[in-house]
Structures are given as structure tokens and as C-alpha cells.
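In: With the sequence up front, the predicted model follows.
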Amino acid sequence: TLVFMRMTKEEEPMEAVPDPSVQVENPAADTISISTDLTGTVEPADVVYVAAMGSGEVLEVYVNQGEMVEKDQTLFKIDNKQLESARIQLNTAKVSLDDAQTNLNRMKVLYDSGDISAQAYEQVVNGVSMAKLQYDGARLNYDIQLENSTVTAPISGLLESFDVKVHDMMAAGSVAAVISGAGNKSVAFSVSERVREGLHPGDAMTVEKNGTEYNGVITEIATMVDQQTGLFKIKASLEGADALATGTVVKLSVISEKAENVMTVPVDCVSYSGGQAYVYVFFSVLGGNHFYSGCRCCRYCHSGGQAYVYTYDQAAGAARKVAIEDGLIGSERIQVLSGLDYSDQVITTWTKELYEGAPVQLAEGSGTDAETSLDGGESAGAGESPEAGNGEAPMTDAPGEPAADAAAGDAEASEPAAEETSAEETLANAQ
């Protein structure tokens, strides 16, 4: 009797498992900036290498390394042996000129009285002119030798390098000092061709040293590759960076890629499966199941793969997988080039129960306005069309093809959840 009662006992009804709750968000027009971290070397805005023009023994030194000097201030003097020779030539030329001038004065009296011919007087005048040219040449040579004997500062600034002592032998053309201008500092660094293409004169950049950050502006961009490094040299001016010593190696950050006023979605709602990126999107109309083709390799993730998003069919209460063409990936948002429009509702809640055709429900209080705070860019607001966006009209299903879309969705639903990775995980792996 006991056995019969157990076999005929009615089973208790099982409690239904509720569908997963999801949050949704509309795509929003925003700006994505990709920063590249580099290292650079601090340089003064103006650098002058002071070289001795004359050769000889150093007689006197008037400054020391690390001191501030003024323009035309004397740094040191050289015992220039050529100066004495130039002085003798100058004195000789002066005597010759005086003799020629005296002779001219006498000949002029004779010429005026008719005692000498015009030809003879003209020869005397030419002799004076020749003596004057010789004197001017001797004077110029003497001035040059005198200048070469005294080395002065060509600009005002800091004497960065100076190692000259009394009795040192100085060779002509040798660098004796390095003076940095008293103006702002600059930073020099090198970049690859890919990074260089995104840089322009006037672009802002930042420099960090010992926890202090300095702002700068790119001033020079090389157009030729450095033969030694294979990179392009860049120079930027810094503001208020007087505390940075010349030659200091600093960390800097530049905006290498930027997309302004483009369609974006949160980066953590994009997933990848088998090298393909996708997200879930909520559609507020029946038959809103989209499945687009086409691909674009993003800079961090898949190579030759297809990007996707998942959408939510409100009428059916299910998620739909939608292919998108992705662009730049920021720290918080990803650019969508095609595949969505601003009325679509992207599912931002990640769950392993999310797949093509998965039954889901909107979480209580789930909004449709996108919150777009990313990478320092300015948000244009959800649902707002960008002035300069993807440049393509949103793709739509061709009429009469729902069956094909449904078949594609069923095929996607069979993908194992273990192969799916989020965009944030993919970005971290690539970095």
C-alpha cells in the first residue's frame, strides 16, 4: 500500500525561473581620445654653444659653471699671438697712409701752380686711395683678432657647461661653453610613423616628473626619419617648467588618435567570440532583429574579425545579436562606425545567460539615456545625431528577409559562452 501511494502521488509544480534582468542604454555622440605614453628629454628653449674663434693660452677666466650670465658679458680671455702681428700690420698701414696723405698735400700745391702734370697728380691720389684700403684691411684684421682673444656670451642665460681654467690651451673652433636661454623649457622625443600621423603643431600634451605634471604644446614635427633610430623627432614647448633640469628624462603623454562627435557605446558591453566583437541591443519594435556584415579591425582587438552587439526585442522580450563596425576604443567607450542608430537600446548588463534569442527583461529603473563620460571628451548626449559622425546611414534589414535573420540568430545562439570575452578583457590582453 505504501508503494502504491508513492507512485500515484502528484508532483508539485516547479517554480519558474525568472528571465535575466538587463540594463539598456542608447548610443551617444561623443569624443574618443587615444593617448600614447612616451619618454622625452628636457631641453632649454634656446641653447647656444660658445666656441673660441682664436687659439692660444687662457689668460683670465671671469665666470663659473652654473652662473647666470648677461649678453656680451666676458667669459675668458686668450693670449692670441696673432693679435700682436695684427697690431704691427695696423701700425705699418697707418704710417703708410699718413705718408701718402702728406705727399698728396704737397703735390696738390704743385699741381695748382702748374708745376706737375695732371697725370702725375692722379698717380699721387691713387697712392693715397691704395694706402687707405691697406689701412682699412689692417684695422679689420686687428679687430677680428682682438675679438677672438675675448670670448663673450652671445645671449643671456644659464651657463650649463663651462670647464675653462687659466693656462688651458684653447684651440680655434673648440666649444668652450653651453648657455641655455632664460626662457621656457622644451621637451624632445621620438615617435613611430603611426603616432606621428595623429600629431599636429599646436596639439596639447602633458609631461610628468616626480608626481608633478606640466602642460605643453607641440611646436615641431620632423618630416624625415632619423637614420639612427628610425623614428620621427618631435619637439614641444613647456609652460612653467623652470624646475626641470636640462637633460632630465621625463614621462610624457600625447593624443595619438582622436575621433570627435562620433557614435559610441560603453566598452564593457562589447564582447568578442572567436575574434568577433558584439553587443546586445534592445529594440522597441517588433521585427527589429538586425544582423549586419562587414568588418574593421580595431587597434587592440581582433584581426579580420566581425564586431557584434546584442539588442533587445521588446515585443519578444529577447536579446538579439547585431553585427557592428567598430572604431577607436577608449578606456570607457568604443566607437561604432556602422550597424546601430541612436534609437537602438544597447544592453549594458553582462551575463553568461545572454545569447542570441535569450529571453530577458528590463531591470527596474533601467534608462535609455546614455551617460557619456570618457577620456576627457565632451559628450553630445544620448540620441543626438553627430555633426560629423560615421558618415553612413544606419543599415537595415532588406524587406522580406526575416527568415534569414532568424536563421543567423539561431546559429549564433549555439555559440558556447566560454568563448566570449568582454572588450575590456580584450583591450587588457592587447596592452
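Out: In hand now; what should we look at?

In: What residues of stretch 121-136 count as buried?
Out: 121, 124, 127-128, 131, 134-135 (16 or more other Cβ atoms under 10 Å). Quick note: C-beta positions are derived from backbone N, CA and C, even for glycine.

In: Tell me the pLDDT of Ser253.
Out: Ser253 carries a pLDDT value of 92.

In: I figured it hits Ser35, correct?
Out: Yes. Using Cβ atoms under 8 Å, Ser253 makes contact with Ser35 at a distance of 5.0 Å.

In: give the contact list for Leu75.
Out: 50, 61-63, 69, 151-153, 162, 164, 176-177 (Cβ atoms under 8 Å, 6 or more residues apart in numbering).

In: Give me the below-cutoff pLDDT ranges for the stretch 201-350 of the chain.
Out: 272-313, 315 (pLDDT under 70).

In: how does it look with 90?
Out: 211, 227-229, 237-248, 256-260, 266-350 (pLDDT under 90).

In: So what sits opposite Gly157 in the bridge?
Out: Beta-bridge partners for Gly157, by DSSP bridges, are Val69, Gly181.

In: So what's the residue count around it?
Out: Residues near Gly157, counting by other Cβ atoms under 10 Å, number 22.

In: Can we start the residue count at 51 from this point?
Out: New numbering, starting at 51: the last item is Gly207.

In: hang on, it packs against Gly116?
Out: No. In this structure, Gly207 is not within contact of Gly116 by Cβ under 8 Å, at 11.7 Å.

In: So which bits of stretch 299-318 are buried?
Out: 300, 302, 304-318.

In: before we move on, the earlier item: sort out which of the buried residues of stretch 171-186 are in strands and list them.
Out: Among the buried residues of stretch 171-186, no member falls in strands (DSSP state E).

In: Same list, the residues you listed, but as a markdown table with distance to Asp391 please.
Out: Shown next, in a markdown table, are the buried residues of stretch 171-186 (distance: Cβ to Cβ, whole Å):
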| residue | distance to Asp391 |
| --- | --- |
| Tyr171 | 102 |
| Val174 | 101 |
| Gly177 | 97 |
| Val178 | 95 |
| Ala181 | 93 |
| Gln184 | 90 |
| Tyr185 | 89 |
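
In: could the residues you listed go into JSON lines alongside pLDDT and distance to Asp149?
Out: What follows is the buried residues of stretch 171-186, written out as JSON lines (pLDDT from 0 to 100; distance: Cβ to Cβ, whole Å):
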{"residue": "Tyr171", "pLDDT": "86", "distance to Asp149": "17"}
{"residue": "Val174", "pLDDT": "88", "distance to Asp149": "11"}
{"residue": "Gly177", "pLDDT": "90", "distance to Asp149": "9"}
{"residue": "Val178", "pLDDT": "90", "distance to Asp149": "10"}
{"residue": "Ala181", "pLDDT": "91", "distance to Asp149": "8"}
{"residue": "Gln184", "pLDDT": "92", "distance to Asp149": "12"}
{"residue": "Tyr185", "pLDDT": "92", "distance to Asp149": "11"}
